[in-house]
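Visitor: Structure, please.
(chains A and B)
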Amino acid sequence: MTLAWLVFLIPVPPLIAFFAILLFTRRSRFLSDLIAVSAILLTWVFAIIVLIGAFSNPHLGENPIEASLVWLPLGPSLESSLRMGVLVDPLGAVMLFFVPLTASMIFIYSTGYMDSGSYWTEVKNAELPPADAVVDSAGRTLVKFDASAWKARFMAFIALFAAAMLILSVADNLLLLFVGWELMGFCSYALIGFWHNRVYPDQPGRITPVGGGIKAFMTTRVADVVMLLGIAWLYSFTGTLNFREILYNEATLAALEMSAFPNIAALGGLTVAGAVGLLIFAGTVGKSAQFPLHTWLPDAMEGPTPVSAMIHAATMVSAGIYLILRMFPLLSVGWDGDVFTLPMQVIATVGAFTALFAATIALAQRDIKKVLAYSTISQLGYMVAAVGIGAYVAAAFHLMTHAIFKALLFMGSGSVIHAVDHGEEHAKEHGAAHVPHGHSFPLDFDAQDMFNMGGLWKRVPVTAWTFLIGGLALSGFPLITAGFWSKDEILADAYAHAPGIFIVLAVAALLTAFYTMRLIGLTFAGSPRTAAAEEAEQTDLRMNLPLVVLAVFAIIAGYVGVHEDFPLLGRLLGGNPFHRFVSGTLLEHPETLPFDFVPLLISIAIAMLGLFVGWLVYVRKPLEAGQPDPLKRALGPVYTLLENKYYIDELYDLIFVRPSIWLAEKVVYQLIDRGIIDGFLHFVARAAEWIAFRHKDFDTQIINEGTDNLVEGFGEMSDSFKYIQSGRIQQYLAVAVAGLLMLVGVFVWSLFIR
Amino acid sequence: MQFPFLTVITFAPIAAAVILFMMQEDSDLDPATDAEQIATLRMGYRTIAAAATFVSLLLGLFVYFGVNQAIGAGDTAQFFFEDGRWAWVPQIGIGYHMGVDGISAPMILLTGLASFTGVLISWRVDDRPREFFAFFLLLVAGVYGVFAALDVFLLFFFYELSIFPMYILIATWGWKVTREYGAMKLTLYILIGSILALVGVIAMYFLAVAAGIENMSFDLADFIRARDAGVYDQVVELPFNLGLATFARLWFPVIFIGFGILAGIFPFHNWSPDGHVAAPTAVSMIHAGVLMKLGAYSALRVGVMLLPEGARVHLPWIVLLALVNVVYGSLIAMVQRDFKYVIGFSSVSHMGLVSMGWATMNVTGMTGAGLQMFSHGVMTALFFATVGMVYDRAHTRDIPSLGGFWHKMPTVALAFIVGGLVSMGMPGLSGFVAEFPIFVGLWQASQTVTLGNGQIASYYALIAILAVVGIIVTAAYILRVVQRVFFGEFDEEKWHGEISDVTTLDKVAMGILAFWLILVGVYPAIMQPMVTHGVEPIARLLGGA
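Guide: Sure thing, here's the model as predicted:
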């Protein structure tokens, strides 16, 4: 089928763009932008053609678009070889809908955002500093650095990243998925640490982009390797990693369910399906930043904002959810709609806990991107929990809508940061006369700190409106936002199947609405709190267009998944086409729940309550410059705890990082390797040397001297012998006779007497 | 008769070494008056060395693809490109017999790659270059010989042949601080190991003779005959009245560990980082890249293949040593200050994966080990080449004092990153293609392999889980080096503009190595089927095929 070969081509344009930019057009920012954007748009066109083919096929679940090639012929026969191929089934089609869409928008946005980018960097060898250098409180000589020259490189890496995500989306097997998965991990390291020479004045302890990149890579790596173990195990058990062969195949699933984990008592009761499922879920915990591996995502905010929109909203973190959706038949094998399987219980618990936990941290963050980061963790927790309670379609639905509105929010925040940053520059140029409230341009002015903003509604109207739409979608504002429909579906499912999870998610939803309003209020409401906010200006078309496009999708994307029994709208909108489409992915099509007003009303009430309280606190009475967060007064020490993210980073440093370095350095290296093993070796060597020296002593003292003495003795003896040689015949004769007698004696003795 | 490819591959470097020794010595000339002549002479030395290794590399490629095609076409022979079976010392059954199978053909290619690139990056050696290249070529010849030998005694002969020049190369051209220590440590370890193994092989020979195997010789085929006749399953008395055991069970650990020392198996790995660090760059490349594979390869060829009954009993605990290698090496690599020691200990870690692959005793895991030998060999050669290039210019390998070298030598940084990604096991590169089957093999083995009469079962799963720690730490130490050495700000004043980019030859060398890492990673079918073909008969003996 020709359409399948077009699927192979989907990741190709960005991949080519990566090499083309790095190899040829690195020096030209314009050409690089052009190549990258046309590549992703071309990919989008491919994806749309494939999607049209997919949507026009009513039995896509049974007959997906697929094709493959032999890649690693492991094992004795060709059947057991690893094949590399592509697959577009309904779930894959969902990915192909939102990934190229958001990626294209982010690419266009990046061409504007990355045009400027100046920050402080440290000058090495500060003896002859540049004229504009300053010294911060930590004694470092700093100078402003303009990184816009690196834009082409940025476009190259983000293109590679997009290619990786597309590979993952169209992969027909776990191994190819893992290729995209790891490639994304590497690109995220490069992209988060993109401004690799950035430092923060007066904040020597603050994590830098480089640190953020390493942390993101290492944390997700831990999870990835565990996941790889699961993949290896699955392969050793089934002899294939093809999604369809394992997950769309009752016999394989049944075999996986029936086999117990062999003979390890501690893991008794776990089926192979359960154990493999849990190992693979570990990959999601890392990539989708679920507790306890969530710590990398907030620090990944050190990357340029388009990166945050791309990696931490639309694609990479979504990949984790996609993975467990993909593996859902494995995770849920044996689930009869009643008692959850062990992996599902774990997944639901982790997801729900993360949803609430991250939402609480988001309450007390000052940095606009950090709020969004924790919000992302929390929303991903929603989806994870949804998978855990078997709300398959709802999770896929929220995955799609969240990718859109969170990309919108991140890009909006980038637009705000961009505006404030430029406002700061303008204000400086205009001089102190324009500076209100005796503001004195501290070195550590933070354009991401919401407390340095305020009153931006009039300064950046496009950003403000689109941000509001995104924010309302995030908080689940009823009926008009996409987030409402998808979140409501998860809550309804939880209400029906897992009341405990429902309560946790509902509380998280309340907090979500509240912190979203706080975010909007602190950023846009009231009057500017700094000169920079006062001078902020709306960004250009390249950054505004994507905001508008995504804002439109953040409203309409929800209407595909309205419950068919929803009053009025259900019938009008085609009776939940999303559900009908996506459920075809599974062998056993999940049914829609009967429509229930209770969770719907609870969900509406919660969203409105959270928004209203947020409005009361942050919009009705906007914050003045220098005024502390009203929430701080209300929450007291809890606020400090939240502000410091429950001190989890510090805890991990104390219990993981330091001990492992200590173990490696002191115990393994110095004690065992250099101490015991080398020590023993050197002891043997010394002992051998000692013995050798004693031999030498023996040699010189006993043998040498002995021989000397002997020789001397011989000398003396021969001296005495000279008297024998007297020349007198009689004497000789006498000796000869004596000798002869002796010989005869010996002869007689040996012959007869013995 | 077929053209004797393997013989030519092995003896071309020896011939070149002999020619070098016959050439005029450049130190005989006075640098003040005959500078031009000295330059010509040195160019001659290098060209001869490069030509000889290049010829071997080309022929090696031919052999590699020949074997590849034959296997792809369904040829069921175990060995290909056989030369000789000529008597050498017929009185005690020593002969000359060369040939390769699916495991050793990639090793021949690896040797070719590492030796040719090694010569290229040694282009600027100016301390007695004639002797340097001559001994280097002898070393290379020894290594080729081991991989190509099908006579066990010949294998030992080449094995020892490669150790002797190694000692001289390290002790003379090595890093001044530790070269004598490193060279001595390495030589003693390897000699002791090989003598243990040799004793074992001689015992095997005489046992077969005593058991009445007709026309017994040191040829591998005769040992296989003896093995199949059950000679090594004979019960022998253990020393010190410890009871009875089969011959294979008694001698397998001696032979396996004896060779395993050269593969850096814990706790006998200690020579390797010290040796790597002390050696000059090209020698480190051969040393870590190829020489360590001699140990792993011979342990398989002589130990596992000829004494499978012993392997079945002992590999289930030897896997624990391999596990220690993997985790321990990576942990130590993480805390090294010396750039070269990081790579040295990383080799200890990665070679643990090879032993682990052998110890899975099934086709998948052993295939992974075979691929890992190639992948690690090329990767480490690349690593040591880059380390050498940085050291040649910075004159220090202290990680905290380096930084920002990306700006001065981008190709080197890129090459190191490619090697680093291979090391981490990134999919799309050869490291993943090697490590993934090893882990699959471990899972498979967890269902079949037991220890101590079956009381301890399924622990291979645990090994797989624990080995993961090593893989994670690998990412940590690679990132650390990349970050500290190549990224960050370059300090212009500290290095006084002394840091220049590398030469074109260096880039070519790195390009050749990186090409193979990517090729095997993207298209593993170019190597994997032949390795599988090579390990299959061995795995069958172990019950894992």
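
Visitor: alpha carbons only for contacts and neighbour counts from here, please
Guide: Will do.

Visitor: average model confidence for whatever helix or strand A:Thr252 lives in?
Guide: For A:Thr252, the host element (DSSP states H and E) is helix A:250-258. Mean pLDDT, helix A:250-258: 78.

Visitor: I'd like the secondary structure assignment at whichever residue of the stretch 101-250 of chain A sits closest to chain B, please.
Guide: Closest residue of the stretch 101-250 of chain A to chain B, Cα to the nearest Cα: A:Ala232 (4.5 Å). Under DSSP: H, G, I helix; E, B strand; the rest coil, A:Ala232 falls in the helix class.

Visitor: contacting residues for it?
Guide: B:Phe436, B:Pro437, B:Phe439, B:Val440, B:Trp443 (Cα atoms under 8 Å, 6 or more residues apart in numbering or on different chains).

Visitor: And for B:Val152?
Guide: If you count contacts by Cα under 8 Å, 6+ apart, B:Val152 has them with B:Val201, B:Phe218, B:Asp219, B:Leu220, B:Val302.

Visitor: Any chance of the residues you listed in TSV with secondary structure, distance to chain A and neighbour count as columns?
Guide: Shown next, in TSV, are the contacts of B:Val152 (DSSP: H, G, I helix; E, B strand; the rest coil; distance: Cα to the nearest Cα, whole Å; neighbours: other Cα atoms under 10 Å in any protein chain shown):
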residue	secondary structure	distance to chain A	neighbour count
B:Val201	helix	26	23
B:Phe218	coil	32	25
B:Asp219	strand	29	24
B:Leu220	helix	25	20
B:Val302	helix	24	23
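
Visitor: For the residues you listed, give me TSV that also has pLDDT.
Guide: Putting the contacts of B:Val152 into TSV (pLDDT from 0 to 100) gives the following:
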residue	pLDDT
B:Val201	89
B:Phe218	87
B:Asp219	87
B:Leu220	87
B:Val302	89
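
Visitor: Which parts of the stretch 351-500 of chain B are strands?
Guide: Ranges of strands in the stretch 351-500 of chain B, per DSSP state E, counting those that start in this stretch, are B:450-451, B:456-457.

Visitor: any idea how chain A splits into domains?
Guide: The record's domain parsing of chain A by automatic domain parsing lists A:2-116+A:148-646, A:647-723, A:725-754.

Visitor: So which of these is the most surrounded?
Guide: domain A:2-116+A:148-646 (a mean of 22; mean count of other Cα atoms under 10 Å in any protein chain shown).

Visitor: Show the end-to-end separation of it, please.
Guide: Using Cα to Cα, to the nearest Å, one end of domain A:2-116+A:148-646 lies 53 Å from the other.

Visitor: before we move on, what about stretch A:56-70?
Guide: First-to-last residue span, stretch A:56-70, Cα to Cα: 29 Å.

Visitor: Does the closest residue to A:Leu363 other than its chain neighbours belong to a helix, a strand or coil?
Guide: Once flanking residues are discounted, A:Leu363 sits nearest to A:Tyr515: 5.3 Å by Cα to Cα, 6 or more residues apart in numbering or on different chains. Classification of A:Tyr515 using three-state DSSP returns helix.

Visitor: A:Glu66 now?
Guide: Relying on three-state DSSP, one would call A:Glu66 strand.

Visitor: Could you point out the longest helix of the chain?
Guide: Here I'm looking at chain A. Counting by DSSP state H, the longest helix found in chain A is helix A:392-430.

Visitor: ah, I was thinking of chain B
Guide: When chain B is parsed with DSSP H, its longest helix is helix B:35-72.

Visitor: thinking A:Leu623 is in contact with A:Ile520, fair?
Guide: No: using Cα atoms under 8 Å, A:Leu623 and A:Ile520 do not qualify as a contacting pair, with a distance of 11.9 Å.

Visitor: Which residues of the stretch 201-350 of chain A lie near chain B?
Guide: Residues of the stretch 201-350 of chain A lying close to chain B (Cα under 8 Å from any Cα of the partner chain) are A:214, A:218, A:221-222, A:225-226, A:228-229, A:232-233, A:235-237, A:262-264.

Visitor: which one is the residue of the stretch 551-700 of chain A found nearest chain B nearest to, not counting chain neighbours?
Guide: Ranking the residues of the stretch 551-700 of chain A by distance to chain B (Cα to the nearest Cα) places A:Ala664 first, at 5.0 Å. Counting by Cα to Cα, 6+ apart, B:Leu331 is the residue found nearest to A:Ala664 once chain neighbours are left out, at 5.0 Å.

Visitor: Wait, a strand at the one you found?
Guide: No: applying three-state DSSP, one finds B:Leu331 to be helix, outside a strand.

Visitor: Next one: it, what pLDDT does it get?
Guide: pLDDT, read off for B:Leu331, is 88.

Visitor: circling back: and the next helix or strand after the longest helix of chain A, average pLDDT?
Guide: Remark: after helix A:392-430, the chain's next helix or strand is helix A:456-459, criterion DSSP H and E. On average, the pLDDT along helix A:456-459 is 83.

Visitor: after helix A:456-459 comes which helix or strand?
Guide: Criterion used, DSSP H and E; the element after helix A:456-459 is helix A:461-475.

Visitor: and stretch A:450-466, how far apart are its ends?
Guide: The separation between the terminal residues of stretch A:450-466, taken as Cα to Cα, is 18 Å.

Visitor: Spatially central residue for chain B, please.
Guide: Nearest to the mean C-alpha position of chain B, by Cα atoms, centre = their mean, lies B:Lys293 at 2.4 Å.

Visitor: What residues does the residue in chain B that chain A sits nearest to make contact with?
Guide: Nearest residue of chain B to chain A: B:Val440, at 4.5 Å (Cα to the nearest Cα). Each residue near B:Val440 by Cα under 8 Å, 6+ apart is listed here: A:Ala232, A:Trp233, A:Tyr235, A:Ser236, B:Thr364, B:Gly365.

Visitor: cool, and A:Leu356?
Guide: With Cα under 8 Å, 6+ apart, A:Leu356 has these contacts: A:Ser378, A:Val504, A:Leu505, A:Val507, A:Ala508.
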